[in-house]
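**Student:** pasting the sequence and the predicted coordinates here, then a few questions.
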Amino acid sequence: MRGSCLCGAVTFEAPDDAKGASVCHCGQCRKQSGHVWSSAFAPETEVRISGEVRWYASSPEARRGFCPVCGSFLFWKRDDEDTMSFALGAIDGPTELTLEKHIFTRSKGDYYEIADGVPQKP
C-alpha cells in the first residue's frame, strides 16, 4: 500500500498484510482530524516513509506524525511498541482491508451514531 499527505511532501509505503483496521473516536483523534481517524498498523520497520515528518508527543506514551507542510495527520506510534499505525484515508487506491473495530467510542462526538455493525470498544 502506498500513501501520501495532501500536498505530497510525505509519502509512505505499508505492507499489504497490515492489521487492525479501526476507527478511533478519542478526543485527540477527533481534534487532530476534525472528526474520527481510521488506521491500520504494521511493524515500524515495514512502514517506509519519504519526506519530513514532524512528531508531536500527544501523551507520555505516544506520538503523532504529520506533514509539516500541509498538516496531514499520517502516523500514530506508541513509544513502547514496535508497530506504527498509519492513516487509511491517506492510502492512494484500495486498501483491501476490512474495518475490524471502533475504539474509544465512549469519547465519540454527540453529532453522529456508529451504526455499521462493526464491534465497538468503549
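**Tutor:** Structure's in. What do you need?
**Student:** right, and the helix or strand after the helix-or-strand element of the chain with minimal mean pLDDT?
**Tutor:** Lowest mean confidence among the helices and strands of the chain (mean pLDDT, DSSP states H and E): helix 27-33, at a mean of 95. Sequence order places strand 37-43 as the next helix or strand after helix 27-33, per DSSP states H and E.
**Student:** now that next one: buried residues?
**Tutor:** Buried residues in strand 37-43, counted by 16 or more other Cβ atoms under 10 Å: 37-42. Every C-beta, even on glycine, is put in place using the N, C-alpha and C of the backbone.
**Student:** residues contacting that strand, please?
**Tutor:** For strand 37-43, contacts defined as Cβ atoms under 8 Å, 6 or more residues apart in numbering pick out 14-15, 17-24, 29-30, 73, 76, 82-89, 95, 97, 99.
**Student:** kindly recompute the last result at 7 Å.
**Tutor:** 14-15, 18-24, 29, 73, 76, 82-89, 97 (Cβ atoms under 7 Å, 6 or more residues apart in numbering).
**Student:** tell me which of those residues fall in strands.
**Tutor:** Among the contacts of strand 37-43, the ones falling in strands (DSSP state E) are 19-24, 73, 76, 83-87.
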